[in-house]
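Enquirer: for reference, the sequence and a predicted model appear below.
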Amino acid sequence: MDGLGAAAHRRREGGTAVSAPGFDVCAPDLPTPGTTTLLEASAGTGKTWTIGALVTRYVVEGTARLDDMLVVTFGRAASQELRERVRTQLVEAERALAGDPDVPADTDLLRLVVGDGDDRELRHRRVLEALAGFDGATIATTHQFCALVLESLGVAGDTDARARLVEDLDDLLREVVDDLYLRAFAYADADPVFSHADALAIARAAVGDPQARLEPADADPATPAGRRVAFAQAVRDELDLRKRRLGVLSYDDLLLQLARALEAPGSPARTRMQERWQLVLVDEFQDTDPVQWQVLDRAFTGVATMVLIGDPKQAIYAFRGGDVTTYLQAARSADRHETLGVNWRSDAALLEATQALLAGAELGDEQIVVHPVSAHHQQRRLVGAPVEAPLRLRAVRRDSLGRGPGTSLAVGQVRPHVARDLALDVRRLLASGATFEGRELEPRDVAVISYRHADLAAAQRALVEAGVPAVIAGGGSVFATPAAVEWLSLL
């Protein structure tokens with residue numbers, strides 16, 4: 001943990017907060033019970049590792065049992081990875097406490113876990129108990145723990161116990177749109193105010209963000225804007241009616257129902273959650289949407305110890321419904337505001353080059369700033385590359401395509417050139433004999449990231465034409481594969 005520095009404390013002073021960078025999971029004092037700590041973490045600074053380390057410290061030192069902790073992240077794959085990471089660190093702590101010679105005990109965290117020896121047997125027993133009951137640990141997605149709480153409330157919650165959780169309601173939404181669109185325009189004298197495709201887009205936007213206000217709320221119902229707002233509200237109302245009739249719930253329904261159940265101070269939901277969990281750790285907090293934060297805030301702020309770890313720079317992209325406003329609201333309510341200041345993934349040269357471009361930039365809000373971080377890897381691990389620069393920005397010049405200085409270039413004309421240039425650059429790198437950490441580079445060491453799936457397909461074709469094997473990871477629909485066509489023919 002060298003380089004992380006001492007823990008910094010943040011205290012409210014006349015509505016503002018004083019903060020200092022450098023959160024140290026090995027500092028003598030962990031977050032004070034009943035407070036909220038916001039950890040700002042850039043990519044590669046060890047967000048998930050920090051959560052696992054905090055869980056291990058709390059268990060080993062007897063501050064909390066594993067059953068007392070709620071560890072939340074977003075997405076099933078992420079929750080499974082987090083569960084495995086937490087268990088791995090608990091196993092490593094158990095082996096260190098048991099005196100396993102194969103476990104390196106020279107790290108700050110393991111030295112802290114083992115302690116001075118006076119209570120080593122007690123610490124070992126605590127970790128063994130945590131591992132024995134690990135399957136019952138609440139390491140889950142937001143929706144999973146919402147379902148768990150609502151199920152435990154029984155008649156005290158606003159949930160039909162017979163309701164079935166459905167991941168995708170698009171078929172039902174299409175049915176609602178078809179019915180409402182026909183009802184509105186089938187027998188109208190004039191042409192429809194908006195097309196059926198527009199109606200489906202309006203409906204998906206309204207349902208995809210159910211807590212959002214429909215604007216302009218005061219629009220004249222006779223105007224096109226007013227008709228769109230009225231249609232969006234009608235879709236919301238009708239979809240809710242049909243979901244109840246069919247006995248189905250969406251993930252957003254779970255969140256909204258739990259938020260309503262937590263609204264009243266002293267409600268059964270608040271009591272149940274506060275009795276169950278005294279320590280709440282939230283990973284990827286930048287992806288939290290307003291309702292998710294409302295659930296966490298109502299249930300735990302001022303009562304449980306909350307540690308929120310996220311990268312506000314990612315909040316500007318609104319992944320998974322998260323938004324900048326929610327992150328900043330949580331930041332203002334936090335008692336401590338700290339950072340993870342060491343990047344454990346990238347070489348120092350690459351970090352320095354990236355920070356030369358971005359350091360100090362404000363992304364969407366003056367409070368979301370690209371802060372500099374230090375690198376754990378000080379030496380270059382990529383050696384012998386044709387170009388020594390760790391970061392390059394390449395621009396397509398008009399003369400590369402045989403055009404004059406005043407000629408405009410369409411994007412469609414440039415993309416094939418970019419794909420070909422990329423493929424040749426990768427082939428040159430792989431043929432150069434360059435090594436990474438002493439091992440010769442292979443095609444699987446190279447990743448191409450693109451905004452559009454079509455650009456990835458173009459890059460893959462160009463790489464294959466250049467003699468570099470390449471596959472597209474993820475993306476696409478299983479129904480668009482040759483195997484799907486064969487199944488269709490068979491059926």
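Expert: Structure's in. What do you need? Keep in mind the model is a prediction, meaning the values are calculated, not measured.

Enquirer: residue 31: what's its closest spatial neighbour, skipping adjacent residues?
Expert: residue 37 (4.5 Å; CB to CB, 6 or more residues apart in numbering). C-beta coordinates here come from the backbone N, C-alpha and C atoms, glycine included.

Enquirer: same check, this time on residue 313
Expert: residue 363 (5.5 Å).

Enquirer: correct me, but the residue nearest to residue 31 touches residue 306?
Expert: Yes - counting by CB atoms under 8 Å, residue 306 is a contact partner of residue 37 at 7.0 Å.

Enquirer: so between the two, which is more surrounded?
Expert: In terms of neighbours (other CB atoms under 10 Å), residue 306 is the more surrounded of residue 37 and residue 306; the figures are 28 against 23.

Enquirer: that one reaches residue 36, doesn't it?
Expert: Yes - because the distance of 4.4 Å satisfies CB under 8 Å, residue 306 is recorded as touching residue 36.

Enquirer: how close does residue 166 get to residue 145?
Expert: 19 Å (CB to CB, to the nearest Å).

Enquirer: who has more neighbours out of the two?
Expert: The neighbour comparison of residue 166 against residue 145 (other CB under 10 Å) goes to residue 145, with 24 against 16.

Enquirer: contacting residues for residue 68?
Expert: Residue 68 makes contact with 277-279 under the criterion CB atoms under 8 Å, 6 or more residues apart in numbering.

Enquirer: now those as a markdown table including pLDDT and distance to residue 381?
Expert: Converted to a markdown table, the contacts of residue 68 look like this (pLDDT from 0 to 100; distance: CB to CB, whole Å):
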| residue | pLDDT | distance to residue 381 |
| --- | --- | --- |
| 277 | 94 | 41 |
| 278 | 94 | 42 |
| 279 | 95 | 37 |
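
Enquirer: out of the residues you listed, which comes closest to residue 45?
Expert: Distance to residue 45 across the contacts of residue 68 (CB to CB) is lowest for residue 279, with 21.6 Å.

Enquirer: where in this structure is the helix or strand with the lowest mean pLDDT?
Expert: In the chain, no helix or strand scores lower on mean pLDDT, DSSP states H and E than strand 12-13, which sits at a mean of 31.

Enquirer: just to revisit the earlier point, surely the residue nearest to residue 31 is within a strand?
Expert: Yes - the assignment for residue 37 by DSSP: H, G, I helix; E, B strand; the rest coil puts it in a strand.

Enquirer: can you name the residues that contact it?
Expert: Shown in contact with residue 37 (CB under 8 Å, 6+ apart): 31, 305-308, 334-338.

Enquirer: how close does it get to residue 132?
Expert: From residue 37 to residue 132 the distance is 29 Å (CB to CB).

Enquirer: what does residue 114 give?
Expert: 20 Å.

Enquirer: again, but for residue 377
Expert: Taken as CB to CB, the span from residue 377 to residue 132 is 37 Å.

Enquirer: between those two, which one's more packed in?
Expert: More crowded of residue 377 and residue 132, by other CB under 10 Å: residue 377, with 16 against 10.

Enquirer: now that one. Nearest residue, chain neighbours left out?
Expert: That would be residue 347: by CB to CB, 6+ apart, it lies 4.8 Å from residue 377.

Enquirer: where along the stretch 151-300 of the chain do the strands fall?
Expert: 164-165, 248-249, 279-282 (DSSP state E, counting those that start in this stretch).

Enquirer: most packed of those strands?
Expert: Most buried of the strands of the stretch 151-300 of the chain by mean neighbour count (mean count of other CB atoms under 10 Å) is strand 279-282; its value is a mean of 25.

Enquirer: list the contacts of residue 153.
Expert: So residue 153 contacts 159, 261, 268-269, 272 (CB under 8 Å, 6+ apart).

Enquirer: and which of those residues is nearest to residue 456?
Expert: Checking the contacts of residue 153 one by one against residue 456 (CB to CB), the nearest turns out to be residue 159, at 41.4 Å.

Enquirer: the residue nearest to residue 313: neighbour count?
Expert: Around residue 363 there are 17 residues (other CB under 10 Å).

Enquirer: looks like it contacts residue 311 (just checking).
Expert: No - counting by CB under 8 Å, residue 363 sits too far from residue 311 to count as a contact (10.6 Å).

Enquirer: where does pLDDT dip in this structure?
Expert: Confidence mapping of the chain against pLDDT under 70 gives the ranges 1-21, 105-106, 154-161, 318-323, 474-476.

Enquirer: spell out for me which residue occupies the centre of it.
Expert: Nearest to the mean C-alpha position of the chain, counting by CA atoms, centre = their mean, stands residue 284 at 4.4 Å.

Enquirer: separation between that residue and residue 42?
Expert: On the measure of CB to CB, residue 284 and residue 42 end up 13 Å apart.

Enquirer: which residues does residue 436 bridge with?
Expert: residue 382, residue 439 (DSSP bridges).

Enquirer: how about the contacts made by it?
Expert: Contacts of residue 436 (CB under 8 Å, 6+ apart): 381-383, 445.

Enquirer: give me every residue that touches the residue nearest to the centre of the chain.
Expert: 47, 73-74, 78, 309-310.

Enquirer: over to residue 416?
Expert: Residue 416 neighbours (CB under 8 Å, 6+ apart): 458, 462.

Enquirer: what are the buried residues along the helix or strand hosting residue 148?
Expert: Residue 148 belongs to helix 142-153 when assigned by DSSP states H and E. Judged by neighbour count (16 or more other CB atoms under 10 Å), helix 142-153 contains these buried residues: 142-150, 153.

Enquirer: quick one: those residues as JSON lines, columns for distance to residue 369 too.
Expert: As requested, the buried residues of helix 142-153 are exported to JSON lines (distance: CB to CB, whole Å):
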{"residue": "142", "distance to residue 369": "27"}
{"residue": "143", "distance to residue 369": "32"}
{"residue": "144", "distance to residue 369": "33"}
{"residue": "145", "distance to residue 369": "32"}
{"residue": "146", "distance to residue 369": "33"}
{"residue": "147", "distance to residue 369": "37"}
{"residue": "148", "distance to residue 369": "37"}
{"residue": "149", "distance to residue 369": "36"}
{"residue": "150", "distance to residue 369": "38"}
{"residue": "153", "distance to residue 369": "41"}
